[in-house]
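A.B. asks: my questions are about this predicted structure, shown below with the sequence.
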Amino acid sequence: MYLASVERPSAGAADRTKRLAGTVLALGTVSLITDVSSEMVSAILPLYLVAGLGLGPAVYGLIDGLYTGATALLRLAGGYLADRARRRKTVAAAGYGLSAFMKFGLLAAGGSVPWLSAVIVADRAGKGLRTAPRDALITLATPDGQLGRAFGVHRAMDTTGAFAGPLVALAVLAASGQAYDAVFVVSGCVAMIGVLTLVLFVRDHRGPRPPSNTVSLVAAAGLLRRRPVRALLAGAVLLGLSTIGDGFVYLLLQRRESLATGWFPLLAVGTSLAYLILAVPLGNLADRVGRAPVVLGGYAALGAVYLLLDSGLAGPLVVIFILLLYGVYYAATDGVLMALAGPLLPAELRTTGLALVQTGQALAYLASSVLFGLAWQWWGATGAIRAVTVLAVLTLSGSALLLLRFARES
Amino acid sequence: MTPRRRVLLAALVSVVLLGGAVAYVLVAGHRGDRPAVAAAAVDAGPGDRVLFRSTAAAGYGRVGTVARGSGSGARQLSDLDCVRVYAAAGRGICLRPDGPLTTYQLAVVDASLRVQDTYPLVGVPNRARVSPSGNVLAFTVFVTGDSYNGGRFSTRAGTINLATRETADSLELFSVVRDGKPYRAVDVNYWGVTFLDDRHFYATLSTAGKRYLVAGDLTTQSVRTLAENVECPSLSPDRTRIAFKEAIRGDPAKGWRLTVLDLATMRRTPLAETRGVDDQAAWYDDHTVMYAVRRGSRGADVWSVPADGSGAPHLLIPDAESPAALWN
């Protein structure tokens, strides 16, 4: 166990050591372990609900549709609560703990649809609750100049866990004679190790208590009055509007290449692999050349993915190139955007601010994926991809104006 | 706590948790240990038998048959594993996992349940049917969307005509006439196909929060709605009635009542089964409907009930689901 031996770097942006804060590595480890746990369940949940419990389409839709909007508000509330009580670690731990506990809840719910829905919603709520405090802890433990690298390392570890999860689930199913309950139990135990790692090795950041009234609802709303924050939020939402979701990207890829449908899961694996490998290098790059250009470059890669999907180019090399670009998009935007946002937000309201940016992006994505579905319906796949390419160019230019300007100002 | 103690504590608790997890997996692996049932030759051709998927601990998931009239009697179990199965006129359809977790396939089987051909499926198998001639196969799968933002969900139903090699990958591409008018929407989903013949079928169409019975035509690639609140239709052997599950007060969250619809009069008759049934029923004969009732997370039994609303449910085949009567 090397975590405890990693020292906190002496604070200050001038610190040029390449050592990461112990907290970042500890949080990365927590995310890795937790993602093994949650992806184990995600991999088998559809099969369990449909083939194991024999649920029909309408019920599955009900369960699935429940959590999409439910977590957005909770994320904001959790972020504010974490700032207000100055207990980011506690709120994150509550989120991780809730999700861990719910793995056993799946077991207890059995075939009862209301209980299954409740358990799945609670699991999602846990995820919504923990993301912003966790990212805030990363920013508070890391000198500003190394944030890109810190988030790169964290996201790479996170994705490694997501990779391992389905494989562990496969192994458990094979060893237990296809027992779904065994997957839930193993997943729950792994998640508890994650929570334990958080509790024992992650240090909460408890700076001096801010003067009263700096963490209030008024102050939180006041975040929106700061120009850089507003520009960042608007930029992030604009960029979010140009994302259509993995499902559609892979579907388009599959259609134009007439890939056998059995290959479908491999497309996600290819993207994750590229994301995993590129997260740290692109995080480092963001520290050197600035985060806004890297984020914008990531969305430019997404635009290139759309262009290629619409082009006549075909063949295995093109597929690999598209997946690589799509991985670049994830690696250059997911963590780097948080690294960009962190320093702009006052430390005492950082969790709230990050939650705001994440929620804004999630809602923008929700809207754009629904719109893309409509566009597909009316104009067909080709029309829809052209429309989103145009949209991507527009939103990219718009947010480039916003993000690059305030990046120069600050 | 010193760093050394923290590491010790973490290691200790992790070992205990992982040990517990491994122990559970091993125990679960031996839970169903009974002498494995030897695979027998199963005749899935026309005859006085009912085909089913076994949910008994010994031979879980394997396809077998029982003689009509002795559902709890001796069963013949093949070595074919399926999630959902159906057969007619000596042709069978078997929906099953295909290697790794997230891939599935449709296997075409002959009267001896030998696999003749396979097609990849995107999504988790849910419903399966074969046309009365044995020529056309229909499947319904659940398609889960992307995992990044929770993912949305839909069903996909398609058909394969083995005689003409024509396929309809997804009924979603068919034109729709709803209540007499052309209709287009993004949220169109289909499930639970049942065949009149090789060209005409019935199915459930879901859109804008409502679920319709539709009559479809594979040649003109079109469907039209016939009635509301009908799910998982199943056409009777004499082609006059449809057994289906009716959402209670129109709300699937409240459960379903097994019901029969007379196609000539459009009159609905709720059947004597009052438990919630979430299955595409099948017809045992022209007077009896059969369906699976779930028991726990793995078990199920096939029950039967008179199709005219009279009588009471009756346990037909214990430890079984996905029934198909093999007509003469």
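C.D. replies: The structure has been received and is ready for your questions.

A.B. asks: against which helices or strands is the helix or strand hosting B:Val50 packed?
C.D. replies: Secondary-structure element containing B:Val50, defined by DSSP states H and E: strand B:49-54. In this structure, strand B:49-54 makes packing contacts with strand B:62-67, strand B:84-88, strand B:314-317, strand B:320-326, judged by 3 or more C-beta pairs under 8 Å, 6 or more residues apart in numbering or on different chains; DSSP states H and E. C-beta coordinates here come from the backbone N, C-alpha and C atoms, glycine included.

A.B. asks: winner for burial among those strands?
C.D. replies: For these, the stretch with the most neighbours on average is strand B:84-88, a mean of 26; neighbours defined as mean count of other C-beta atoms under 10 Å in any protein chain shown.

A.B. asks: how about it as PDB, C-alpha atoms only?
C.D. replies: Listed in PDB are the C-alpha atoms of strand B:84-88, where the atom choice follows Å, rounded to 0.1, in the frame of the first residue of the first chain:
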ATOM      1  CA  ARG B  84     -36.700 -17.600 -24.400                       C
ATOM      2  CA  VAL B  85     -37.900 -20.300 -26.800                       C
ATOM      3  CA  TYR B  86     -40.800 -21.000 -29.100                       C
ATOM      4  CA  ALA B  87     -41.600 -23.500 -31.900                       C
ATOM      5  CA  ALA B  88     -44.200 -24.300 -34.500                       C
END
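
A.B. asks: quick one: mean pLDDT for it?
C.D. replies: Averaging pLDDT along strand B:84-88 yields 96.

A.B. asks: what's in contact with the helix or strand following that strand?
C.D. replies: Stepping forward along the backbone from strand B:84-88, the first helix or strand reached (DSSP H and E) is strand B:91-97. With contact meaning C-beta atoms under 8 Å, 6 or more residues apart in numbering or on different chains, strand B:91-97 is reached by A:47, B:44, B:51, B:63, B:80-87, B:103-111, B:113, B:115, B:121, B:125-126, B:128-130, B:134-135, B:137-139, B:141, B:162.

A.B. asks: what separates strand B:91-97 from the chain centre, distance-wise?
C.D. replies: Mean-position distance between strand B:91-97 and its chain equals 11 Å (C-alpha atoms, centre = their mean, to the nearest Å).

A.B. asks: listing partners with orientation, what would you give for that strand?
C.D. replies: strand B:84-88 (antiparallel), strand B:104-109 (antiparallel) (DSSP bridges).

A.B. asks: how about those strands, which one is nearest B:Asp197?
C.D. replies: Go through these one by one with C-beta to C-beta and the one that ends up closest to B:Asp197 is strand B:84-88, at 11.8 Å.

A.B. asks: can I see the domain layout of chain A?
C.D. replies: The record's domain split for chain A, according to automatic domain parsing, is A:21-201, A:222-409.

A.B. asks: of these, flag the one that's most buried.
C.D. replies: Taking mean count of other C-beta under 10 Å as the contact definition, the stretch among the domains of chain A with the greatest mean neighbour count is domain A:21-201, which reaches a mean of 22.

A.B. asks: what mean pLDDT does that one get?
C.D. replies: This predicted structure assigns domain A:21-201 an average pLDDT of 85.

A.B. asks: can you check stretch B:253-268 too?
C.D. replies: For stretch B:253-268, the mean pLDDT works out to 93.

A.B. asks: same question, stretch B:119-137
C.D. replies: Across stretch B:119-137, pLDDT averages out at 91.

A.B. asks: tell me where the model's unsure across the stretch 251-400 of chain A.
C.D. replies: Per-residue confidence of the stretch 251-400 of chain A (counting by pLDDT under 70) places the weak regions at A:257-265, A:377.

A.B. asks: helices along that one, start to end?
C.D. replies: Listed in chain order, the helices found in the stretch 251-400 of chain A under DSSP state H, counting those that start in this stretch are A:264-289, A:291-310, A:316-341, A:350-409.

A.B. asks: got CSV for these, with distance to chain B too?
C.D. replies: Listed next are the helices of the stretch 251-400 of chain A as CSV, based on distance: least, C-beta to the nearest C-beta, whole Å:
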stretch, distance to chain B
helix A:264-289, 4
helix A:291-310, 13
helix A:316-341, 9
helix A:350-409, 4
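
A.B. asks: so which of those is nearest B:Asp285?
C.D. replies: For B:Asp285, the closest of those is helix A:264-289, at 41.1 Å, according to C-beta to C-beta.

A.B. asks: tell me what angle the closest one forms with helix A:291-310.
C.D. replies: Computed by axes from the mean of the first three to the mean of the last three C-alpha atoms, to 10 degrees, the angle separating helix A:264-289 from helix A:291-310 equals 150 degrees.

A.B. asks: which residues in the stretch 1-150 of chain A form helices?
C.D. replies: Assignment of helices within the stretch 1-150 of chain A using DSSP H, counting those that start in this stretch yields the ranges A:22-47, A:57-84, A:88-109, A:113-141, A:147-175.

A.B. asks: from the chain's centre, how far out does the last one sit?
C.D. replies: Relative to the centre of its chain, helix A:147-175 is centred 13 Å away, using C-alpha atoms, centre = their mean.

A.B. asks: quick check: what element follows it along the chain?
C.D. replies: Beyond helix A:147-175 on the C-terminal side, the first helix or strand identified by DSSP H and E is helix A:180-201.
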